[in-house]
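Colleague: Okay, here's the prediction I keep looking at, along with the sequence it came from:
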Amino acid sequence: MRVTQGTFSFLPDLTDQQIASQIEYCLGNGWAVSLEYTDDPHPRNAFWEMFGHPMFDIRDAAGVMTEVNACRKTFPNHYIKVNAFDATRGRESLRLSFIINRPAAEPGFNLVREEGPGRSVRYTTRAYATERPEGERY
Amino acid sequence: MNAKVEPMSSPPDGVPAAQTGDEPLDLEVAYRDSHVGEVLDSLDRELVGLAPVKGRIRDIAALLLIDKLRRAVGLSSGPPALHMSFTGNPGTGKTTVAMRMAEILHRLGYVRKGHLIAVTRDDLVGQYIGHTAPKTREVLKRAMGGVLFIDEAYYLYRPENERDYGQEAIEILLQVMENQRDDLVVILAGYKDRMETFFRSNPGLSSRVAHHIDFPDYTPEELLAIARLMLERMQYQLSAPADEALREYIERRRVQPHFANARSIRNALDRARLRQASRLFERRVGAISRQELQTIEESDIRASRVLRGERP
């Protein structure tokens, strides 16, 4: 099951050139681009690991793309996303975030039912991938 | 995709769409559209002397413009090699010209952003094992889309210490110079003789540097013209005797050790400004006219150690 998180996630995977163009757009707006990766696809997993520092002083997408390629080489089977942080006063938050790398096979989620008091049932989801420990999931 | 985003492969502004026929291309239009003439003119206007350097830059600009036209009609010649080496004595304008070069390359669409990152050995080479590669990559990342200016590049290679990390920086640099020629242009700068030794001991680097430009020393007349230009920019003027004193100063300073061409002149002028300020400050009585505030007198220059005949 294809994980859809962040911008463009319902589109086919972006090509390198499209990624570079998006990064160029972010840099043109003065946003700082950073990379994050994880192997826990749960939608509530808000804390991904950072890959390197946020790139505050880069002028051209080619600089970010070297980092993107380095990250993909290190984590070929992880989810990797590009974040663009807007440091404008009063905004100081992410403006754009999109996934640029995902595992070859995404096994999807298991629906877990929990019996509550009375006859109530609580539902939650659990990624099949997280049955194994971190780093061995994909 | 967002409408504002242009694909990166789109031709730079000013390139006519691909033509296959034999219709003539207007070189004049391409030249005007690239606005490269303005940069060349300002180079001529604002930089004194340096005739061979300006000639070479004009040649390179012409080559790039023609290359752009050739690509427009579908003649392929491969991306031109643009890495350069600037050699010359201190203060001959290597950094200044590098900045203009970045601008010219940007106008012609050979670098995308046209900024200049000036670095020295310290910015590229680390202190311990494993420190150099990330440091060099960091600098290269910042320079992408622009020009990387490595001042005193020969310090990267220290043959006397075989475990020096400089070699590692050179290797990473070489790799990027070769593989990402579209992304950045590297300019190596330094003194002529030491750069030659450096290139001899790093043939890989030498063969990837297409343009070797040598910066000649300035003649006394050129130095005087530079001094006048600097003063004009700082909104000062020389009185007639001060002009004569400055000419004498330049004659004497040139033959002394540690003479750094335009940089020495700038320092001398800064010291003259100091003396002028303290001369006006000492006097203090009466009103000071605008004229006095902007005039450097003979005494301000004559007070220099060089003209008083002392050792510098």
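Modeller: Alright, I've got the coordinates.

Colleague: what ranges of the stretch 201-312 of chain B fall below the confidence cut-off?
Modeller: Counting by pLDDT under 70, the stretch 201-312 of chain B has low-confidence residues at B:309-312.

Colleague: Strands of the chain, residue ranges please.
Modeller: Using chain A here. A:32-38, A:49-55, A:79-86, A:93-101, A:109-115, A:121-127 (DSSP state E).

Colleague: other chain: chain B
Modeller: Under DSSP E, chain B gives strands at B:84-88, B:116-119, B:147-150, B:185-190, B:211-215, B:237-238, B:295-296.

Colleague: With chain A as the reference, name the closest of the ones you listed.
Modeller: strand B:116-119 (8.8 Å; CB to the nearest CB). In this view, the C-beta of every residue, glycine as well, is placed from N, C-alpha and C.

Colleague: Which other helices and strands does the closest one contact?
Modeller: helix B:94-107, helix B:132-143, strand B:147-150 (3 or more CB pairs under 8 Å, 6 or more residues apart in numbering or on different chains; DSSP states H and E).

Colleague: got CSV for those, with mean neighbour count too?
Modeller: CSV is the format used below for those (neighbours: other CB atoms under 10 Å in any protein chain shown):
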stretch, mean neighbour count
helix B:94-107, 21
helix B:132-143, 21
strand B:147-150, 26
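
Colleague: okay, these in TSV with distance to B:R284 and mean pLDDT next?
Modeller: Listed next are those as TSV, based on distance: least, CB to CB, whole Å; pLDDT from 0 to 100:
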stretch	distance to B:R284	mean pLDDT
helix B:94-107	39	89
helix B:132-143	50	93
strand B:147-150	46	95
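
Colleague: Out of those, which gets nearest to chain A?
Modeller: Of all the helices and strands packed on strand B:116-119, it is helix B:132-143 that lies closest to chain A, at 3.8 Å by CB to the nearest CB.

Colleague: got the angle between the closest one and strand B:185-190?
Modeller: 120 degrees (axes from the mean of the first three to the mean of the last three CA atoms, to 10 degrees).

Colleague: So which residues on chain A come close to chain B?
Modeller: When proximity is defined as CB under 8 Å from any CB of the partner chain, chain A approaches chain B at A:17-18, A:20-22, A:24-25, A:28, A:55, A:57-64, A:66-67.

Colleague: count of neighbours near whichever residue of the stretch 1-150 of chain B sits closest to chain A?
Modeller: Nearest residue of the stretch 1-150 of chain B to chain A (CB to the nearest CB) works out as B:G145 at 2.5 Å. By other CB atoms under 10 Å in any protein chain shown, 22 other residues sit near B:G145.

Colleague: so who does it touch?
Modeller: Counting by CB atoms under 8 Å, 6 or more residues apart in numbering or on different chains, B:G145 makes contact with A:R59, A:D60, A:A61, A:A62, A:G63, B:V111, B:R112, B:K113, B:G114, B:H115, B:D183, B:L184.

Colleague: Which members of these occur in helices, if any?
Modeller: A:A61, A:A62, A:G63 (DSSP state H).

Colleague: surely the last one meets A:M55?
Modeller: Think A:G63. Yes: using CB atoms under 8 Å, A:G63 is in contact with A:M55, at 7.0 Å.

Colleague: Give me the pLDDT for the nearest residue to A:T88 once chain neighbours are set aside.
Modeller: Excluding its sequence neighbours, the residue lying closest to A:T88 (CB to CB, 6 or more residues apart in numbering or on different chains) is A:G30, at 7.8 Å. pLDDT recorded at A:G30 is 93.

Colleague: residue ranges of the helices in chain B, please?
Modeller: B:27-34, B:36-46, B:51-72, B:94-107, B:121-124, B:132-143, B:166-179, B:192-201, B:203-208, B:220-233, B:240-254, B:261-283, B:290-294, B:298-302.

Colleague: Extract the C-alpha set from the third one and format it as PDB.
Modeller: It refers to helix B:51-72. In PDB, the C-alpha atoms belonging to helix B:51-72 read as follows (Å, rounded to 0.1, in the frame of the first residue of the first chain):
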ATOM      1  CA  ALA B  51      44.900  44.700 -20.900                       C
ATOM      2  CA  PRO B  52      45.900  41.000 -21.400                       C
ATOM      3  CA  VAL B  53      43.300  39.900 -18.700                       C
ATOM      4  CA  LYS B  54      40.500  41.900 -20.300                       C
ATOM      5  CA  GLY B  55      41.500  40.500 -23.700                       C
ATOM      6  CA  ARG B  56      41.200  36.900 -22.500                       C
ATOM      7  CA  ILE B  57      37.900  37.600 -20.800                       C
ATOM      8  CA  ARG B  58      36.600  39.100 -24.000                       C
ATOM      9  CA  ASP B  59      37.700  36.000 -25.800                       C
ATOM     10  CA  ILE B  60      36.000  33.700 -23.400                       C
ATOM     11  CA  ALA B  61      32.800  35.700 -23.500                       C
ATOM     12  CA  ALA B  62      32.900  35.600 -27.300                       C
ATOM     13  CA  LEU B  63      33.500  31.800 -27.300                       C
ATOM     14  CA  LEU B  64      30.500  31.300 -24.900                       C
ATOM     15  CA  LEU B  65      28.200  33.500 -26.900                       C
ATOM     16  CA  ILE B  66      29.100  31.700 -30.100                       C
ATOM     17  CA  ASP B  67      28.800  28.400 -28.400                       C
ATOM     18  CA  LYS B  68      25.300  29.400 -27.300                       C
ATOM     19  CA  LEU B  69      24.400  30.200 -30.900                       C
ATOM     20  CA  ARG B  70      25.800  27.000 -32.200                       C
ATOM     21  CA  ARG B  71      23.700  25.000 -29.700                       C
ATOM     22  CA  ALA B  72      20.700  27.000 -30.900                       C
END
